[in-house]
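# got a predicted structure here, sequence first:
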Amino acid sequence: MTDSPANAEMVRIVADQLFDVWVERHARESRENRRWWQSNVGGWLAAAITVVGVIVAGANIHNLASAANARSINNESAISEMRATNGDRLARIETKIDLMMEERKQ
């Protein structure tokens with residue numbers, strides 16, 4: 001092939017056209033990618049809010065369960081103390097009744 005000025009000019013024109021087509025194709029693809037992301041922003045935002053909501057709800061449930069467990073332990077301790085106190089009272093009452101019954105017999 002001979003390198004004539006006309007041939008070199010045609011190669012340059014074709015190369016410029018191919019480059020313009022390449023630039024346009026990449027610009028279109030970037031717009032399509034941006035549209036895909038923008039169209040899914042609502043979904044991503046809803047998913048993020050849902051995840052945060054689940055974490056907050058789990059933390060609240062954990063706190064409620066911990067508080068209920070602490071109250072249960074406190075109640076068990078109080079019940080044990082009441083049983084011991086009431087057992088002593090009952091024994092004293094029974095002793096007094098026994099003494100009163102003995103005095104009555106005499």
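That came through, no problem.

# how far away is residue 41 from residue 49?
12 Å (C-beta to C-beta, to the nearest Å). Quick note: C-beta positions are derived from backbone N, CA and C, even for glycine.

# actually residue 3, not the one I typed
Per C-beta to C-beta, residue 3 is found 65 Å from residue 49.

# okay, residue 77 and residue 71: tell me how far apart.
Residue 77 is 11 Å from residue 71, by C-beta to C-beta.

# rounded mean pLDDT for stretch 73-91, please.
Mean pLDDT, computed over stretch 73-91, is 88.

# buried ones in it?
Buried residues in stretch 73-91, counted by 16 or more other C-beta atoms under 10 Å: none are found.

# could you list the domains of the protein?
1-39, 41-106 (automatic domain parsing).

# pick out the shakiest of these, pLDDT-wise.
For the domains of the chain, mean pLDDT drops lowest on domain 1-39, to a mean of 80.

# what's the spacing between that domain and its chain's center?
Relative to its parent chain, domain 1-39 has a centroid offset of 49 Å by C-alpha atoms, centre = their mean, to the nearest Å.

# ok, stretch 65-72 next?
Centre-to-centre, stretch 65-72 and its host chain are 22 Å apart (C-alpha atoms, centre = their mean).

# could you do stretch 42-61 as well?
Worked out by C-alpha atoms, centre = their mean, stretch 42-61 lies 6 Å from the chain centre.

# who touches that stretch?
Where contact means C-beta atoms under 8 Å, 6 or more residues apart in numbering, no residue beyond stretch 42-61 reaches it.

# in PDB, list the C-alpha atoms belonging to that stretch.
Extracted in PDB, the C-alpha atoms of stretch 42-61 (Å, rounded to 0.1, in the frame of the first residue of the first chain):
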ATOM      1  CA  GLY A  42     -35.000   3.900  47.100                       C
ATOM      2  CA  GLY A  43     -34.600   0.100  47.500                       C
ATOM      3  CA  TRP A  44     -31.200   0.400  49.000                       C
ATOM      4  CA  LEU A  45     -32.400   3.100  51.400                       C
ATOM      5  CA  ALA A  46     -35.400   1.000  52.500                       C
ATOM      6  CA  ALA A  47     -33.100  -2.000  53.000                       C
ATOM      7  CA  ALA A  48     -30.700   0.100  55.100                       C
ATOM      8  CA  ILE A  49     -33.600   1.400  57.200                       C
ATOM      9  CA  THR A  50     -34.900  -2.100  57.700                       C
ATOM     10  CA  VAL A  51     -31.500  -3.400  58.900                       C
ATOM     11  CA  VAL A  52     -31.200  -0.500  61.300                       C
ATOM     12  CA  GLY A  53     -34.700  -1.100  62.500                       C
ATOM     13  CA  VAL A  54     -34.000  -4.800  63.100                       C
ATOM     14  CA  ILE A  55     -30.900  -4.000  65.100                       C
ATOM     15  CA  VAL A  56     -32.700  -1.400  67.200                       C
ATOM     16  CA  ALA A  57     -35.600  -3.800  67.900                       C
ATOM     17  CA  GLY A  58     -33.100  -6.500  68.800                       C
ATOM     18  CA  ALA A  59     -31.300  -4.200  71.200                       C
ATOM     19  CA  ASN A  60     -34.600  -3.200  72.800                       C
ATOM     20  CA  ILE A  61     -35.700  -6.800  73.200                       C
END
